[in-house]
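> model this:
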Amino acid sequence: MAMTDSHTAEDQLDKIEHYLRTHQLWQLNKPQPDALASTVPFALDTLSFEQWLQFLFLPKARAHVITHGHLPPGMRVGPMAHEVYQHQHNELVHQLMGLDNYNSWVTTNDQ
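Model prediction:
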């Protein structure tokens, strides 16, 4: 994988974080450890979707990019964002769907 691919993934993750911060969806206080330890997809039983993005998805996605040079294969966050936000936060939903599409393209073309 070319270095530009990992930078593009990092850039997209940064844009998602920026959106969360500038639209008051970013939290200063970290949830309790048991809330972060949920095994339910998107931690829906213990966290809001924004909390999941901030405290689980973004750190794990960034770590995966640093370690492997790409996002986790098969990652799909956009559909859940679309479901959660319906007609709100369209820019964030678009960013997450774009990240999914980018990841799918990179994974397909990297094999």
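
> CA atoms for contacts and neighbours, from now on please.
Noted.

> The protein: helices as residue ranges?
Using DSSP state H, the helices of the chain run over residues 3-22, 33-36, 49-52, 58-68, 78-85, 90-109.

> Please identify the most buried of these.
Using mean count of other CA atoms under 10 Å, the stretch among the helices of the chain with the largest mean neighbour count is helix 49-52, at a mean of 19.

> ok, residues contacting that helix?
The contact list for helix 49-52 (CA atoms under 8 Å, 6 or more residues apart in numbering) reads 20, 25-27, 42-43, 81, 84.

> residue ranges with poor pLDDT in the protein?
For the chain, residues meeting the criterion pLDDT under 70 lie at 1-7, 107-111.

> Columns distance to K60 on top of the contacts of helix 49-52, output as JSON lines?
Supplementary listing: the contacts of helix 49-52 in JSON lines, determined by distance: CA to CA, whole Å:
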{"residue": "L20", "distance to K60": "17"}
{"residue": "L25", "distance to K60": "19"}
{"residue": "W26", "distance to K60": "17"}
{"residue": "Q27", "distance to K60": "17"}
{"residue": "F42", "distance to K60": "13"}
{"residue": "A43", "distance to K60": "14"}
{"residue": "A81", "distance to K60": "17"}
{"residue": "V84", "distance to K60": "21"}
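
> Pick the one among the residues you listed closest to E10.
Sorting those by distance to E10 puts L20 at the head of the list, at 15.4 Å, by CA to CA.

> any idea how far that closest one lies from S104?
23 Å (CA to CA, to the nearest Å).

> re the thing from before, closest to L96 out of the contacts of helix 49-52?
Within the set of the contacts of helix 49-52, A81 lies nearest L96; the separation is 7.3 Å, counting by CA to CA.

> these two touch, right, the closest one and Q95?
No - the pair A81 and Q95 does not pass the contact test of CA atoms under 8 Å, sitting 9.8 Å apart.

> so what's K15 up against?
Taking CA under 8 Å, 6+ apart as the definition of contact, the neighbours of K15 are Q95.

> Offset the numbering so it begins at 51, please.
All set: I'll call the first residue 51, so the last point we hit is now K65.

> residues near K80, how many?
Counted with other CA atoms under 10 Å, residues neighbouring K80 total 11.

> Now do the contacts for it.
Per CA under 8 Å, 6+ apart, neighbours of K80: F105.
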